[in-house]
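Novice: need coordinates for the following:
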Amino acid sequence: CMVVPLKAIMRTRGVLIIEPVKDRLPSPEQRQLLETCASLLAISLERIHYIEVAQASTVQIESERLRNSLLSAISHDLRTPLASLVGLADTLELTSPAPTEQQMLIGRAIRQSAVRMSALVSNLLDMARLEAGAVQLNRQWLPLEEVVGSALAQCDAQLGQRPVSVDLAGNLPLLHLDAVLFERVLVNLLENAAKYTPEGTPIGIRARAGSGQVVINVEDGGPGLPPGKEASIFEKFERGNKESATPGVGLGLAICRAIVQAHGGAITGTNREEGGARFTITLPQGLPPSDDGSELLTQA
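Specialist: Numbering: from 1, shown residues only. From the prediction side, this is the model:
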C-alpha cells in the first residue's frame, strides 16, 4: 500500500492510505496526482477545522455578550429597591415609640442582608461594564501610599481585629492609576483576606520597585488557596472552596484581574511557604510628567 501524508499549511491533518488494485507501484504521474489530491484534501480538512473554531468562538462571544447585557439590566433594576430597603431598615431605629430589642435585631439583620446584596449587584454591574469595555480609566500620577491608605480606611470594619502591616519601599515611584478602580482592587483583596481568616490573623501589604515594574503583595496567614486552583480563582463565579460557609459568588477576584489588566498589569495568586495566601500585582512603572508639565511616557 501507499501512504501519503495530508500536509496542510499549519500541520499534518492525517494520512491517506492507498491500496493498489494490483500488486504494483504507481507510476510517477499517478503518484504526483495522488499527492496533489492529498494536498487538496488536507487544505479542505484544515479549512473545515478553522470554520468550526470560528463558529464556536462566535457562539461563545454572543453568549458572553448576552449574559453581560442581562447582568447589567438586572443590576440596574435591583439597585433602587435595595437602596430603599437599606434606608427603610435605618429608619426602623428612629420610629416612635422606640422599637423593641427584637425589632432592632431584625432591622439590623435586614440592613446587613440588603447591604450584602447591594455589594453583589455592584460587582455584577462592574464586571459587565469591564468586560464590555465601557469603563474608561481616569488615570493620574499617584503615590501608592495614598491609595493603600484609602483602601484600608474603606474596609476598616471588615478587617476587624486583624492587624495589617504595611511595608512600602521608600523608592517607589508615582504610579499611573485610576485611583477609584485600583482602590477597589486593594479593597477586594483585603476583604477577601478578612473573609477567609479568623480574627487576629495578620495581613500584610508589601510593595517593591525594580526592573521597570512595581510589585505589590497582599498576603495573609489564613488557610491559603486550594491546591490546583491558584489560576482558576480569577475566573467569574469561581470560588476557592465551593462548600465554604463564607458568603459570596466569586466575582471579587475576577474584577481585580480585569482592573489590573486594564492598567497594563498582571495579578497572580499563590500559597506562602509559611502558610496563607499571597496575591501579587505587577504594574508597569512608566515615567511621571516632567517638571514642565509634559508627560514623558503615557501608559496605554
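Novice: going forward, measure contacts and count neighbours with C-alpha atoms only.
Specialist: Will do.
Novice: in its sheet, what does the helix or strand containing Gln140 sit against?
Specialist: Assessed by DSSP states H and E, Gln140 sits inside strand 139-142. According to DSSP bridges, strand 139-142 forms sheet pairs with strand 175-178 (antiparallel).
Novice: and the partner strand, what's its mean pLDDT?
Specialist: Taken as a whole, strand 175-178 carries a mean pLDDT of 94.
Novice: then stretch 198-213?
Specialist: Mean predicted lDDT for stretch 198-213 stands at 93.
Novice: what about it, distance to the chain center?
Specialist: The chain centre lies 19 Å from the centre of stretch 198-213; the measure is C-alpha atoms, centre = their mean, to the nearest Å.
Novice: ok so, going back, centre of the chain to the helix or strand just after the strand holding Gln140, how far?
Specialist: Next in sequence after strand 139-142, counting helices and strands by DSSP H and E, comes helix 144-154. On the basis of C-alpha atoms, centre = their mean, helix 144-154 is displaced by 21 Å from the centre of the chain it belongs to.
Novice: ok, and what's touching helix 144-154?
Specialist: Residues outside helix 144-154 that contact it (C-alpha atoms under 8 Å, 6 or more residues apart in numbering) are Leu168, Leu172, Leu174, Leu175, Ala179, Phe182, Glu183, Arg184, Leu186, Val187, Leu190.
Novice: same question, stretch 77-93
Specialist: Contacts with stretch 77-93, where a contact means C-alpha under 8 Å, 6+ apart, come from Pro99, Met104, Gly107, Arg108, Ile110, Arg111, Ala114, Val115, Met117, Ser118, Val121.
Novice: the residues you listed, buried ones only, as a ChimeraX selection?
Specialist: To isolate the buried members of these in ChimeraX, using 16 or more other C-alpha atoms under 10 Å:
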select :104,107,108,110,111,114,115,117,118,121
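Novice: of the contacts of stretch 77-93, which is the nearest to Glu62?
Specialist: Glu62 lies nearest to Val121 out of the contacts of stretch 77-93, by C-alpha to C-alpha, at 22.4 Å.
Novice: of the contacts of helix 144-154, which pair is most distant in space?
Specialist: Once C-alpha to C-alpha is applied, the contacts of helix 144-154 give Leu174 and Leu190 as the farthest pair, at 22.1 Å.
Novice: between those two, which one's more packed in?
Specialist: The residue with more neighbours, out of Leu174 and Leu190, is Leu190; 24 against 18, by other C-alpha atoms under 10 Å.
Novice: sounds good, over and out.
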